[in-house]
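Peer 1: Any chance you can model this:
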Amino acid sequence: MNQVAGISREDNAARQEPLADCTPHQLADERYMRALADMVEDAVSNHRLEMLVDRLTSTLGSIGLNCGPRVTGDILGRLGHHLIQADARRRAANEAEQAKKEGRAPH
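Peer 2: Residues are numbered from 1 along each chain as shown. As a prediction, this is how the structure comes out:
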């Protein structure tokens with residue numbers, strides 16, 4: 001897993017061949033996740049993460065500017081939601097690991 005972006009290489013590799021019964025929405029989601037995972041992996045391995053972040057945030061800024069303040073608010077809200085969810089997963093994993101070390105069942 002790429003720890004920087006939380007993207008699993010295994011998940012990304014397993015998705016190379018789309019299922020025949022996927023909806024257009026699912027196919028687009030898979031395509032975007034694969035493209036983003038590849039970009040993050042490239043940026044990390046080539047020490048260009050700051051450049052990638054700059055390009056991604058510039059693109060989101062352009063989307064917000066061109067689509068209006070409600071879309072900008074939605075982008076920021078989604079970012080906050082993803083940060084909260086990622087933090088909750090990280091905390092749960094840390095608590096489970098600590099419980100395992102202490103020989104007790106995780107919550």
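Peer 1: According to the record, where do the domains of the protein fall?
Peer 2: 1-67, 69-107 (automatic domain parsing).
Peer 1: With mean neighbour count as new columns, can the ones you listed be given to me in TSV?
Peer 2: To be clear about C-beta, it is placed using only N, CA and C from the backbone, and glycine gets the same treatment. Below are the domains of the chain laid out as TSV (neighbours: other C-beta atoms under 10 Å):
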stretch	mean neighbour count
domain 1-67	12
domain 69-107	11
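Peer 1: what does the average pLDDT come to for the longest helix along the chain?
Peer 2: What stands out as the longest helix in the chain, according to DSSP state H, is helix 69-101. Across helix 69-101, pLDDT averages out at 95.
Peer 1: what packs against that helix?
Peer 2: helix 49-67 (3 or more C-beta pairs under 8 Å, 6 or more residues apart in numbering; DSSP states H and E).
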